[in-house]
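[1] quick check, what structure comes out for this input:
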Amino acid sequence: MYEEQLRELGLTDNEVRIYLLLLQQGLMNPNEISQKLGMHRGYVYDALERMQEKEVVNTIYQNNKKFHQATAPENIVELLALQLENFQKIVPALQNMMNLEKEDTKVQLHKGKRAYRILLKDIIATVKKKQTVFLIGVDENTLLTEVEPIYLKQYFTIIKEKNIKEKVIIKKGSIKVHEKNVEHKEIDAKYIGNTEQIIYGNKVALFLIGNPHYLIIIENEQVAKTYEKQFELLWSIAK
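    Next comes the predicted model:
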């Protein structure tokens, strides 16, 4: 149940299996890991070497024998925090190196099961403290139960910390997510269709739940203002 999050640390499927095994069993040598997981011993050696470079596995010698153990999860969190802190220090310099033409409009298209996660991360990165995110046609129950249950909960925690508010227009009869900084109004489904619209900062996102999911992010200040005006009109007639 934790495989996806571990893969996001840059681990392969088999490296995830090795990490979870070491976490559960403690010290093990490569031969024991090979037998337990049914992997070729040569592959286990190579995987452990890569995992040491990623700092998710440690090596310990006992009685002149080499054993491995999983890095404690809380230590991995500290490592990631340090990496993020170090990277943030060079962000201004990297931005100065970018040679991008200044365009009035930028459009991104994302497809697949992680599309909504990309959106949540972009909202967090774009919206400043005390600003408001405007949403139209959101099916919050489906998002929480089927699309992004874990990341959406984390998202609500983060926007609370940043004092970011949400104004949400949903279809009549839809299930609401009860969060302190989220305000809802209802409107007849015929006015908002089946595409979720999210207006945040100078961006507008269109999200379509399906198989696969589709996400379009439009970055243009005038487009965002136009969508925000349309939101305000709907908000004024919604109940």
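
[2] now the helix ranked longest in the chain: buried residues?
    Longest helix in the chain by number of residues (criterion: DSSP state H): helix 73-97. Across helix 73-97, burial judged by 16 or more other C-beta atoms under 10 Å covers Ile76. No exception for glycine: its C-beta is placed from N, CA and C like everyone else's.

[3] can you list contacts of it?
    With C-beta atoms under 8 Å, 6 or more residues apart in numbering as the test, helix 73-97 has contacts from 9, 23, 55-56, 71.

[4] from those, which is closest to Leu143?
    Leu9 (24.6 Å; C-beta to C-beta).

[5] quick check, that closest one in a strand?
    No - with DSSP: H, G, I helix; E, B strand; the rest coil as the criterion, Leu9 is assigned coil and is not in a strand.

[6] okay, now the domains of the chain?
    When the chain is parsed with automatic domain parsing, its domains come out as 3-73, 106-237.

[7] columns distance to Leu82 and mean pLDDT on top of those domains, output as CSV?
    Formatted as CSV, the entries for these read as follows, by distance: least, C-beta to C-beta, whole Å; pLDDT from 0 to 100:
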stretch, distance to Leu82, mean pLDDT
domain 3-73, 10, 90
domain 106-237, 20, 88
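
[8] tabulate these (a markdown table), appending distance to Glu85.
    Rendered in a markdown table, the data for the domains of the chain read as follows (distance: least, C-beta to C-beta, whole Å):
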| stretch | distance to Glu85 |
| --- | --- |
| domain 3-73 | 16 |
| domain 106-237 | 16 |
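
[9] coming back round to it: tell me which of the contacts of helix 73-97 is nearest to Val107?
    Ranked by distance to Val107 (C-beta to C-beta), these are led by Leu9 at 30.5 Å.

[10] quick check: next helix or strand after the longest helix of the chain?
    Following helix 73-97 in sequence order, the next helix or strand is strand 106-111 (DSSP states H and E).

[11] from Ile60, how far out is the most centrally placed residue in the chain?
    What sits nearest the mean C-alpha location of the chain, by C-alpha atoms, centre = their mean, is Arg117, with 4.2 Å. Using C-beta to C-beta, to the nearest Å, one obtains 36 Å as the distance from Arg117 to Ile60.
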